[in-house]
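Engineer: Take a look and give me a structure for this.
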Amino acid sequence: MKLLKYTLWLLLGSSLVASVAWGGNPLVTNIFTADPSARVFNGRLYVYTSHDLPDATYWDMVDWRLLSTADLVTWKDHGSIFRVKDFTWATRWAWAPDCVEANGKYYLFLPVDRTQIGVAVGDSPEGPFKDAIGKPLIDNETLPDAGPEPIDPAVLQDDDGQTYLYFGCRRPKVVKLRPSLTELAGGLQTVSLLDAQGKPVPLAAPGKDPVLPEGYGEAPFVFKRAGKYYFVYSNGWAPSSTQVYAIGDHPTGPFTFAGKVMEHAASVTQHGSVVQFKGKWYLLYHTSELSNGNNFRRSVCIDELTFDANGRINTVIATKNGPAPATAVTDSK
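Structural biologist: Model prediction:
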């Protein structure tokens with residue numbers, strides 16, 4: 001009965017593409033969304049999310065959602081854009097996604113089964129998307145170096161045309177991709193994360209939280225600003241855990257710990273992304289406030305992100321109102 005109820009709800013929900021005036025954080029309140037990956041395509045901001053079930057008691061997500069806006073005022077809910085079952089080789093757990101443009105197409109990187117990452121491709125940022133390979137791009141059964149939990153894919157397209165794929169729970173990994181984005185261009189590397197003294201940061205052990213604030217837990221996301229690479233990640237699952245970051249001179253590191261991206265947002269999981277849109281920078285993240293603290297039913301939010309004169313991130317504090325409308329296009333590096 002529960003499965004039938006959710007299947008009907010999913011079919012109805014995925015058939016509706018609605019535009020709504022945004023009333024502040026979270027972005028939408030009719031569904032639960034999490035793990036936002038924000039990307040700008042053709043002057044429009046797209047936010048790809050995982051999708052918590054309305055009665056979830058675990059992260060048993062079955063599909064991915066898409067929201068978009070041209071101004072941070074009116075948001076469009078594009079509904080469900082891909083499902084676990086659209087990968088014939090996958091079975092469950094539609095977790096944190098990412099999407100990039102290349103070769104005139106759009107590539108979704110999607111973790112499933114806690115052990116694999118697949119790729120879906122479409123002609124539009126909104127889809128429709130189809131399985132691009134017919135098998136996983138990353139599978140820890142065939143790639144032991146992928147680590148015990150190759151989840152949370154994030155993609156960086158560098159200025160020289162090289163594309164990097166980051167992923168990993170408890171073990172941060174990076175690998176170069178071929179121009180097709182559907183093949184690996186080399187071996188997997190463990191990302192080198194260092195503390196202020198140049199020593200490796202602690203890595204989360206199974207069943208244990210990493211040391212805060214420097215430790216690595218999950219949710220890598222990398223962006224480039226003013227010639228520097230910012231490696232954003234979650235420092236664990238503790239009551240005070242949050243998104244933190246490290247800075248490096250190369251896409252594969254080493255990255256040196258630099259501080260908090262934001263203060264703790266109300267969720268046991270901390271996962272987000274950073275994007276530049278119409279001259280300003282923004283942080284996307286999720287909280288569990290809409291569900292009154294249920295960590296399996298989260299909601300995506302957005303706030304403006306700024307930098308100090310030295311390029312350090314001014315720590316973001318979650319707000320209810322979110323950022324001002326985005327209109328003028330200016331250059332802020």
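Engineer: When you work out contacts or count neighbours from here on, use the C-alpha atoms and nothing else.
Structural biologist: Will do.
Engineer: what about T91, how many residues close to it?
Structural biologist: For T91, the neighbour count with other CA atoms under 10 Å is 13.
Engineer: Could you do the one 10 residues further on as well?
Structural biologist: Using other CA under 10 Å as the criterion, E101 is surrounded by 19 other residues.
Engineer: what mean pLDDT would you report for stretch 76-93?
Structural biologist: Stretch 76-93 carries an average pLDDT of 97.
Engineer: same thing with stretch 57-67?
Structural biologist: Stretch 57-67 shows a mean pLDDT of 97.
Engineer: Which of the residues in that stretch are classified as buried?
Structural biologist: Neighbour counts using 16 or more other CA atoms under 10 Å place W59, M61, V62, D63, W64, R65, L66, L67 of stretch 57-67 among the buried residues.
Engineer: can you check stretch 270-283 too?
Structural biologist: By neighbour count with 16+ other CA under 10 Å, stretch 270-283 contains the buried residues 270-278, 280-283.
Engineer: okay if I get those as TSV plus secondary structure, pLDDT and distance to R44?
Structural biologist: Listed next are these as TSV, based on DSSP: H, G, I helix; E, B strand; the rest coil; pLDDT from 0 to 100; distance: CA to CA, whole Å:
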residue	secondary structure	pLDDT	distance to R44
Q270	coil	95	25
H271	coil	97	22
G272	coil	97	19
S273	strand	98	16
V274	strand	98	15
V275	strand	98	12
Q276	strand	98	11
F277	strand	98	8
K278	coil	97	9
K280	strand	97	14
W281	strand	98	14
Y282	strand	98	14
L283	strand	98	16
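Engineer: could the residues you listed be laid out in TSV, adding distance to P111?
Structural biologist: Below are the buried residues of stretch 270-283 laid out as TSV (distance: CA to CA, whole Å):
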residue	distance to P111
Q270	17
H271	14
G272	15
S273	16
V274	20
V275	21
Q276	25
F277	26
K278	30
K280	30
W281	26
Y282	24
L283	22
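Engineer: Among the buried residues of stretch 57-67, which lie within strands?
Structural biologist: In strands, defined here by DSSP state E, the members of these are D63, W64, R65, L66, L67.
Engineer: What's the local residue count around the spatially closest residue to the fourth one that is not a sequence neighbour?
Structural biologist: Think L66. Using CA to CA, 6 or more residues apart in numbering and skipping residues adjacent in sequence, the residue nearest L66 is Y48, 4.7 Å away. Residues lying near Y48 (other CA under 10 Å) number 27.
Engineer: Y48 bridge partners, please.
Structural biologist: Beta-bridge pairing of Y48 under DSSP bridges involves S37, L66.
Engineer: So K85, which state does it fall into?
Structural biologist: Three-state call for K85 (DSSP: H, G, I helix; E, B strand; the rest coil): helix.
Engineer: you'd agree it is up against T91?
Structural biologist: Yes: here K85 lies in contact with T91, judged by CA atoms under 8 Å, at a distance of 6.7 Å.
Engineer: between those two, what contacts are shared?
Structural biologist: The contact sets of K85 and T91 do not overlap (CA atoms under 8 Å, 6 or more residues apart in numbering).
Engineer: where in the stretch 151-300 of the chain is pLDDT low?
Structural biologist: The stretch 151-300 of the chain contains no residues with pLDDT under 70.
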